[in-house]
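>>> would you be able to build a 3D model of this:
(chains A and B)
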Amino acid sequence: MPILLPEKKHEKLILENGKRLDGRDLDEIRPFKCEIGVLSNTDGSAYVEHGGNKIFAGVYGPREVHPKHLGLPDRGVLKVYYRMATFSVHERASPAPNRRALEISKIIEDAITPTLFLELYPDSAIEVYVMVIAASGGTRCASTTAVSLALADAGIPMKTLVAGLAAGKANGKIILDCSDEEDKAGEADIPCVIQMKDEKICLLQFDGDMTPEELDTAISLVKKGAKQIFQKMTEAIHQKFENIQKETELEIEKMIQQQDIDSINNIESTIENETEMKNEYDNIDINKKDFDFNNIDNKKNKLEEFDEEEEDFEQ
Amino acid sequence: MVESNGAQTREIVYPGQVISTDPEKIPGRGTIKENGKILSIFIGIKEEYGKYLNVVPLRGQIYTATVGDKIIGKIIERTPVKWILDINSNVEAILKPSDVMEKEKIETKSKRLSKREEETEIMKLFNVGDVLIVKVISGDRLSTPLLTTIGEGLGKLNDGIVLQIEVPKIPRIIGKQGSMINILKKYTNCKIFVAKNGRIWVRGKTFEYEQLLIEAIYKIEKESHTFKLTDRIEYYLKEEKKKRGLK
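Numbers count the residues shown, from 1 in each chain, chains lettered A, B, ... in the order given. Okay, the predicted model is just below:
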């Protein structure tokens, strides 16, 4: 009978020089990368890479609840569907939802809900689909971060962004951001989700042995690490929109150069062309029903409504 | 207010960012006040308007029905007594036969109909899949919106193209004092109707003009937070018309 090769195991999780197996310090987080607006078919989306974890989150809604009896008359509901790809772990993961997937879906919902204004959307649901493409310890924390970013990208009003990070204990020492192996072989594991506005904790799970003092240091480490993650998140948000701004600056320069040349040569010819065009166009009956969208009353109303918003928005 | 070179950038804020701790400022749209601090609740652009601090969202798909808005809806269901319309909101809207304009025409044509017969006659007017311009006559975020087609410029759309863009970007399509929409009309010779729920109806002389207009609208949507947008769109339309050989 063939034997499936087991995953590699190390006896010591912390090396003699004080570093961890992957060369990190005790209070160092794994490399973190994120991006928003990656999936075009969703209302909002985010991609998070945290160490070996690769996670996509997509948001739909707010939209009508199906089945309808799940809707609440005074507030909306947040539904999170957490799934792992079959190829995301060492042994094939079953694609059917299992107990673990349900649990993580529930805790993400509970961690994110207090940061949203769900009372704005009664009888409707916001649905978030989380897909773990590659897993390497701490997926629930990274998923929560991804969900928070995706909801912000979808334009859903929220009090604050959240960042998820785990602390743990291995070989008697408190460590930050457990990797897969430290998670499994270590003595304790504490996944945490922090509200970045005021550093309140909105998710805390505990698994293992620890003294109260050790727990305090673990949580202070998590808060320190969450700040680093949060900085990357805000950078990702700024980057998306500032890239477009930079592109347009080049366009403006081009435009100004071109305008100087054009203004001398083409003034007379363009005016003639346009007037011809208009006359031609007026003679044709475009609309059977002849809706007059351009009539003055209509236009006035529209302008009045938008004037307020526009005055401060336009340069 | 703004330098001509466009080097100045609008400040982009994220949810939970402290915009101001000044006690004299008042939290406006897109903000909340907590412990004396004004916080943003969107990814958006911060702006000051007198004492008010606002955040204009950069993303967001959802439209909340408000009374008096002219919007574009698509019929997704027809029951014996009402139509149900998709209006790009978190709830579906209802159109009743009594709120349909063609009612008068039927009354004059066929006399002495009972109320029920009249209703069934009206219900034949629109089918599933029809796109209508409608007005909201009641509804807010707590109740189902009720629509009407009685009014000027309202009714079924027989031709043209309907686009869907993000709702917060609609004011940019119109522009200050209607400047943007006038430029779009001038250079593409198309008829445009901008509905408040993020849908835009366009109808041009030929498909080439419509295509140019659609690309321009998507460009406005993408670059809504940048500077000198109106000038750039004018330049873009001029250049594209040269490239494509349009008059």
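>>> A:N243 versus the residue of chain B found nearest chain A, what's the distance?
Nearest residue of chain B to chain A (CB to the nearest CB) works out as B:G60 at 2.6 Å. C-beta here means a position set from N, CA and C on the backbone, and glycine is covered the same way. For B:G60, the distance to A:N243 equals 20 Å [CB to CB, to the nearest Å].
>>> looking at these two now, which is surrounded by more residues?
Counting neighbours by other CB atoms under 10 Å in any protein chain shown for B:G60 and for A:N243 shows that B:G60 has the greater number, 21 against 10.
>>> excluding chain neighbours, what is closest to that one?
Nearest non-adjacent residue to B:G60, counting by CB to CB, 6 or more residues apart in numbering or on different chains: A:G155, 2.6 Å away.
>>> dihedrals phi and psi, the one you found?
Main-chain dihedrals, A:G155, degrees, to the nearest 10: phi 80, psi 20.
>>> paired strands for whichever strand or helix holds B:I75, with orientation please.
Element membership for B:I75, per DSSP states H and E: strand B:70-78. Take DSSP bridges as the rule and strand B:70-78 pairs in its sheet with strand B:83-86 (antiparallel), strand B:131-138 (antiparallel).
>>> domains of the chain?
I'll assume chain A. As assigned by automatic domain parsing, chain A contains the domains A:32-249, A:284-314.
>>> ah, I was thinking of chain B
Using automatic domain parsing, chain B is parsed into the domains B:2-57, B:70-157, B:161-244.
>>> dump the ones you listed to a markdown table, plus mean pLDDT and distance to A:H66.
Shown next, in a markdown table, are the domains of chain B (pLDDT from 0 to 100; distance: least, CB to CB, whole Å):
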| stretch | mean pLDDT | distance to A:H66 |
| --- | --- | --- |
| domain B:2-57 | 83 | 27 |
| domain B:70-157 | 85 | 12 |
| domain B:161-244 | 90 | 22 |
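>>> and the residue nearest to B:G60, how many neighbours?
Applying the criterion other CB under 10 Å, we find 22 residues in the vicinity of A:G155.
>>> quick one on the thing from earlier: quick one: the strands paired with strand B:70-78 as CSV, columns for mean neighbour count too.
Formatted as CSV, these follow (neighbours: other CB atoms under 10 Å in any protein chain shown):
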stretch, mean neighbour count
strand B:83-86, 20
strand B:131-138, 20
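>>> and the residue nearest to B:G60, what does it touch?
Going by CB atoms under 8 Å, 6 or more residues apart in numbering or on different chains, A:G155 touches A:43-44, B:42-43, B:57-62, B:166, B:168.
>>> coming back round to it: in a markdown table: the strands paired with strand B:70-78, plus distance to A:E181.
Converted to a markdown table, those look like this (distance: least, CB to CB, whole Å):
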| stretch | distance to A:E181 |
| --- | --- |
| strand B:83-86 | 50 |
| strand B:131-138 | 57 |
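>>> relative to A:S263, which of those strands is closest?
A:S263 lies closest to strand B:131-138 among the strands paired with strand B:70-78, at 40.1 Å (CB to CB).
>>> list the contacts of the closest one.
The contact list for strand B:131-138 (CB under 8 Å, 6+ apart) reads A:291, B:65-75, B:85, B:87, B:93, B:95, B:99, B:126, B:145-151, B:153-157, B:162, B:193, B:195, B:201.
>>> restricted to buried residues, select those residues in PyMOL.
The PyMOL selection below is limited to those of those classed as buried (16 or more other CB atoms under 10 Å in any protein chain shown):
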select buried, (chain A and resi 291) or (chain B and resi 65+69+70+71+72+73+74+75+85+87+93+95+99+126+145+146+147+148+149+150+153+154+155+156+157+193+195+201)
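>>> which of the contacts of strand B:131-138 fall in strands?
Secondary structure from DSSP state E places B:70-75, B:85, B:93, B:95, B:146-148, B:155-156, B:162, B:193, B:201 of those in strands.
>>> if I look at the residue of chain A found nearest chain B, how far off is B:L39?
Relative to chain B, the nearest point of chain A is A:G155 (2.6 Å; CB to the nearest CB). Distance, A:G155 to B:L39, by CB to CB: 16 Å.
>>> now do A:D209
Using CB to CB, A:D209 is found at 39 Å from B:L39.
>>> of these two, who's got more company?
Shown here are A:D209 and B:L39; by other CB under 10 Å, B:L39 has more neighbours (22 against 9).
>>> what about the helices in chain B?
Here chain B has its helices, by DSSP state H, at B:103-109, B:115-123, B:170-174, B:179-188, B:207-222, B:229-244.
>>> to A:S136, which of the ones you listed lies closest?
Nearest of the helices of chain B to A:S136, taken as CB to CB: helix B:207-222 at 35.3 Å.
>>> and the closest one with helix B:179-188, angle?
On the basis of axes from the mean of the first three to the mean of the last three CA atoms, to 10 degrees, helix B:207-222 is oriented at 160 degrees to helix B:179-188.
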